[in-house]
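>>> pasted the sequence and its predicted model underneath.
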Amino acid sequence: MIILDGKKVAEQIKTELKEKVDKLIAENKKVPGLVTIMVGDNPASHSYVNSKSKSSTAIGMLSKVEKLPAETTEDELIELVEKYNYDKNYHGILVQLPLPKHINEDRVIMAINPDKDVDGFHPISVGKLVIGQDTFLPCTPAGIQELFKRYNIETTGKHVVVVGRSNIVGKPITNIMFQKKQWANSIVTICHTAANDLSVYTKQADILIAAIGQPNFIKADMVKDGVVVIDVGINRVEDANLPKGYRIVGDVDFENVAPKSSYITPVPGGVGLLTVAMLLSNTYKAYAMKEGIK
Ligand code: NDP
């Protein structure tokens, strides 16, 4: 059994991007820029936004965080997004979700220039992904594909079973994996709460991707021997032995599933760390497209 080291892969991706940005700086060229917009003070969003901003600065990118008060209106937010649509210094625009309830997320995402849609959530990006055109892949699913690539895990003809159909993980990883492309070209099944007996599907998986949001939900008797397991879940469970009173676990019962697996991602230390690396990669891609760099 091999543990898929998300930290190591994320560091590799960031180092490669830093080399590209260093080269731009040495040539006195403009660097890629990322603006992150957040509304309100959701503590989890704060921590994600800070990590995105710190990582982009660390590799030499231009990074700006726009923190707006919780009472910001939908129109005010869209006006700011539109301002950055025209700002030549920022190649990527990310609006941190979730937004406060009075704001329509769909309308805000639609306002982002698809050429700057580094989160890959704009319907144009989603449509391009589905029909196999080059586009921005949503960051967490892109990170999963990067793991297959960097660990040389065969995906062609393999049965990928995805549990979860969210727009940010389940649907996009499904759309990525069935494409007739390298590190995809798989036979894909997508499951959700309407499945009467989930294990009927999960037991058939050569590659199982769990994006459920339920701690330790996938048990050893739900998978076959030799399965590749990608655990996207990030769940807090109480742990009185730890000073903070909780620990983070995935959607997979790691302790019992790992011995049956050929490859498995740990939580933490797996998929989660790749999300920011892929965001930076998408920002570089947006920059390269805009500046005409190959
Ligand atoms: P959502 O809550 O949006 O979606 C969960 C999906 O799982 C739904 O489609 C739901 O089905 C399905 N599901 C829930 N319970 C069951 C069940 N008992 N049987 C079958 N299907 C079930 O979650 P997200 O996709 O946003 O996130 C999933 C997990 O991944 C979370 O733990 C989240 O924290 C984590 N995550 C991690 C990221 C990272 O690593 N960077 C990024 C994003 C998410 P239905 O549609 O029928 O309700």
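Arrived safely.
>>> enumerate the residues of the stretch 151-294 of the chain near the ligand.
Residues of the stretch 151-294 of the chain lying close to the ligand (Cβ under 6 Å from any ligand atom) are 163-166, 168-170, 191-195, 198, 211-214, 232-235, 271-272, 275. For every residue, glycine as well, the C-beta is placed using N, CA and C.
>>> mind listing what's buried in the lowest-mean-pLDDT helix or strand in the chain?
The helix or strand with the lowest mean pLDDT-type score in the chain, counting by mean pLDDT, DSSP states H and E, is helix 43-58 (a mean of 92). Taking 16 or more other Cβ atoms under 10 Å as the basis for neighbour counts, the residues of helix 43-58 that come out buried are 45, 48-49, 52-53, 55-56.
>>> by contact count, what packs against that helix?
Based on contacts counted as 3 or more Cβ pairs under 8 Å, 6 or more residues apart in numbering; DSSP states H and E, the elements that helix 43-58 packs against are helix 6-26, strand 33-39, strand 62-68, helix 272-291.
>>> what's the helix or strand for the residue of the stretch 1-150 of the chain at minimum distance from the ligand?
Here the residue of the stretch 1-150 of the chain nearest the ligand is Thr140; by Cβ to the nearest ligand atom that distance is 4.2 Å. Secondary structure here is read from DSSP states H and E; on that basis Thr140 sits in helix 139-150.
>>> between that helix and helix 272-291, how many degrees?
Relative orientation of helix 139-150 versus helix 272-291 (axes from the mean of the first three to the mean of the last three Cα atoms, to 10 degrees): 100 degrees.
>>> so what's the gap between helix 139-150 and the chain middle?
In terms of Cα atoms, centre = their mean, to the nearest Å, the centre of helix 139-150 is set 8 Å apart from its chain centre.
>>> now do the buried residues in that helix.
Buried positions in helix 139-150, judged by neighbour count with 16+ other Cβ under 10 Å: 139-148, 150.
>>> now these in CSV, with distance to Pro69?
Shown next, in CSV, are the buried residues of helix 139-150 (distance: Cβ to Cβ, whole Å):
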residue, distance to Pro69
Cys139, 26
Thr140, 28
Pro141, 32
Ala142, 32
Gly143, 32
Ile144, 35
Gln145, 37
Glu146, 36
Leu147, 38
Phe148, 42
Arg150, 41
